[in-house]
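J.: Got a predicted structure here, sequence first:
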Amino acid sequence: MKLRDTLKINEKGRLEIGGVDCTELAAQYGTPLYVMDEAYIRSVCRGYTELLSRKYPNSKVAYASKAFSTLAIYNIVRSEGLGADVVSGCELFTAIRGGMPASDIYFHGNNKSAEELAFAVRENVHAIVIDSLYEIELLNEIAGRQGKKQGVLVRVNPGIDAHTHRFIQTTRPDSKFGFSISDGTAANVIKTIVSKKNLEFTGIHCHIGSQIFELKPFELAVEKMTDFIAALSHNNIKVPELNLGGGYGVTYTSEDKPLAPFEYVDAIVNKLNECIASKNIAAPKLVLEPGRSIVGEAGITLYTVGAIKEIEGIRKYVAVDGGMFENPRVSLYQSKYDAVFANRALDKPCETVTVAGKCCESGDVLIENIELPAAKSGDILAVFTTGAYHYSMASNYNRNPVPPVVLVCNGESDYIVKPQSYEDIVSRDSVPSRLGECK
């Protein structure tokens, strides 16, 4: 359990976040419930911007929207001086509706549709990140029809092994993302873009993976990318921007040993300055795209314990009212979590249990073999570090409603995503007239 000023155990022995007792949140809003700590989000944003303003002023932090995309989060990160990266038309729509200037938005994706590209060009996004040969011709045509010259970055694959789960490594040789530097593909793609009338080459981008705990992969990425910038300069191609993505690790359990977010950035900037000097290249604008490190630890999920089932000599299941429909990461990535009973957070663990979800799947397990106090039906279980890739990956599997999201700060709480009702879920269903009336 990783506590802080805004996530602590109060005098009643209960878990508190953002100055609000978690048992009171559960009583007021119901469970399952996502809770986000506004003050923590802001503190991380400020840590990034303040460090960069001191050490590399020609820079921009773009919040990685896929971690958690709502109107409120864009309002918060924009007010802290961040831009955004988006990976779909609706993320772009939400960012703009949430007050993010299009001029501060980077649009990523390995298979953007023509409709999404047209929307991005129409809204004047700062840059579209090219990730396929098909996209070059399509975007050039779309920009031409709109009478615009669209800024683009090229996503490249520097070939760095980031030692993360294979599904979140993005620069392996066999990856759907990016163009390889080593085989010359990336350079040829950039030359093609430079030749296009309606496209403006503005820089290169890479993202080496997620949940990375070491500095070395990021330093290697800077080496490879600046080598590439130097090679391009020899062909009279300028690289105004260097976008190094994100991927900084966070704490899910006591086994995780990430550095503070700013330590990753400090190492990147130091290495970049060193490479600029040693390779005699023009200093590019540095863009970083953290997501998980901004919102991951800011979030917790609250559940109510229901059925408790003990199989003698095998396992004890503690079932909660959530599951893989609101946290699919366990099934996808074998992710691990820490948790406490929010209503009695000081009680000592005394048994090993498996926290099970309510979905009709044997594999719907949220936490396997966790040490907890003796569980009771009605306990409020708080699972930590659920601010990233939980709400954004949630579904209506088994027709379960996606939980609401509440933002807390200085003792106040408010919905930033309202509850989803059964009526909401069926509202988009349609029965063809030839099937007759529903009975």
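T.: Perfect, thanks for sending it. Residues are numbered from 1 along each chain as shown.

J.: helix/strand/coil for the nearest residue to residue 398 once chain neighbours are set aside?
T.: Leaving aside its sequence neighbours, residue 398 sits nearest to residue 359 (Cβ to Cβ, 6 or more residues apart in numbering; 5.2 Å). Using the backbone N, CA and C atoms, a C-beta is placed for each residue, glycine as well. Following DSSP: H, G, I helix; E, B strand; the rest coil, residue 359 is assigned to coil.

J.: Model confidence score at residue 359, please.
T.: At residue 359, the pLDDT value in this model is 97.

J.: same question, the one 3 residues further on
T.: The per-residue pLDDT reported for residue 362 equals 91.

J.: how close does it sit to residue 308?
T.: 18 Å (Cβ to Cβ, to the nearest Å).

J.: ok, those two, which is more surrounded?
T.: Using other Cβ atoms under 10 Å as the criterion, residue 362 and residue 308 rank with residue 308 on top: 16 against 7.

J.: can you tell me which residues contact that one?
T.: 316, 317, 318, 319, 375, 376, 377 (Cβ atoms under 8 Å, 6 or more residues apart in numbering).

J.: Was I right to think residue 341 contacts residue 347?
T.: Yes. Counting by Cβ atoms under 8 Å, residue 341 does reach residue 347; the two are 6.6 Å apart.

J.: Common neighbours of these two, please.
T.: With Cβ under 8 Å, 6+ apart, residue 341 and residue 347 have common neighbours residue 373.

J.: With neighbour numbers in mind, choose between these two.
T.: residue 341 (24 against 14).

J.: Which residue, neighbours along the chain excluded, lies closest to the more buried one?
T.: In space, residue 341 is closest to residue 379, 4.8 Å off (Cβ to Cβ, 6+ apart).

J.: Let me see the confidence value for that neighbour.
T.: For residue 379, the predicted pLDDT is 98.

J.: Centroid-nearest residue for the protein?
T.: residue 67 (2.1 Å; Cα atoms, centre = their mean).

J.: Compute the distance between the nearest residue to that one once chain neighbours are set aside and residue 91, please.
T.: Distance criterion Cβ to Cβ, 6+ apart; nearest residue to residue 67, sequence neighbours excluded, is residue 291 at 3.4 Å. Separation of residue 291 from residue 91 (Cβ to Cβ) stands at 11 Å.

J.: Are there residues contacting both of those two? Which ones?
T.: 65, 66.

J.: Any chance of the backbone angles for the residue nearest to residue 67?
T.: phi -130, psi -70 (degrees, to the nearest 10).

J.: Return the residues in contact with it.
T.: 63, 64, 65, 66, 67, 68, 246, 388.

J.: Need the pLDDT of it.
T.: Confidence score, pLDDT, at residue 291: 98.

J.: how close does the closest residue to residue 411 other than its chain neighbours get to residue 180?
T.: Spatial nearest neighbour of residue 411, excluding adjacent residues (Cβ to Cβ, 6+ apart): residue 19 at 3.6 Å. When distance is defined by Cβ to Cβ, residue 19 is 50 Å away from residue 180.

J.: How about residue 15?
T.: 47 Å.

J.: More neighbours: which of these two?
T.: residue 15 (28 against 17).

J.: Surely that one is in contact with residue 384?
T.: No. Between residue 15 and residue 384 there is no contact under Cβ under 8 Å: 9.6 Å.

J.: So for these two, which residues contact both of them?
T.: In contact with both residue 15 and residue 384: residue 300, using Cβ under 8 Å, 6+ apart.

J.: helix or strand for the nearest residue to residue 376 once chain neighbours are set aside, which one?
T.: Nearest non-adjacent residue to residue 376, counting by Cβ to Cβ, 6+ apart: residue 305, 6.8 Å away. In the assignment (DSSP states H and E), residue 305 maps to strand 299-311.

J.: partner strands of that strand, parallel or antiparallel?
T.: strand 33-37 (antiparallel), strand 315-320 (antiparallel), strand 380-384 (antiparallel) (DSSP bridges).

J.: quick one: the next helix or strand after the second one to chain centroid distance?
T.: Right, the one you point to is strand 315-320. Going down the chain from strand 315-320, the next helix or strand is helix 329-333, by DSSP H and E. Here the centre of helix 329-333 is set off from its chain's centre by 15 Å, with Cα atoms, centre = their mean, to the nearest Å.

J.: One more: stretch 251-265?
T.: 15 Å.

J.: hey, C-alpha coordinates of it in CSV?
T.: Output in CSV follows, covering the C-alpha atoms of stretch 251-265 (Å, rounded to 0.1, in the frame of the first residue of the first chain):
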residue,chain,number,x,y,z
THR,A,251,3.5,1.2,-8.6
TYR,A,252,0.8,-1.5,-8.7
THR,A,253,2.2,-3.7,-5.9
SER,A,254,5.1,-3.6,-3.5
GLU,A,255,7.1,-5.7,-6.0
ASP,A,256,7.2,-2.8,-8.4
LYS,A,257,10.1,-0.4,-8.0
PRO,A,258,9.6,2.5,-10.4
LEU,A,259,11.5,5.7,-10.2
ALA,A,260,9.8,9.0,-9.6
PRO,A,261,8.3,10.2,-13.0
PHE,A,262,10.6,13.2,-13.1
GLU,A,263,13.7,11.0,-12.8
TYR,A,264,12.9,9.4,-16.2
VAL,A,265,12.5,12.9,-17.7
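
J.: what's in contact with it?
T.: Counting by Cβ under 8 Å, 6+ apart, 2, 44, 47-48, 51-52, 213, 215, 218, 248-250, 288, 290, 293-294, 297, 335-338, 384-385 sit against stretch 251-265.

J.: Which ones among these lie within strands?
T.: Using DSSP state E, the subset of the contacts of stretch 251-265 located in strands is 288, 384.
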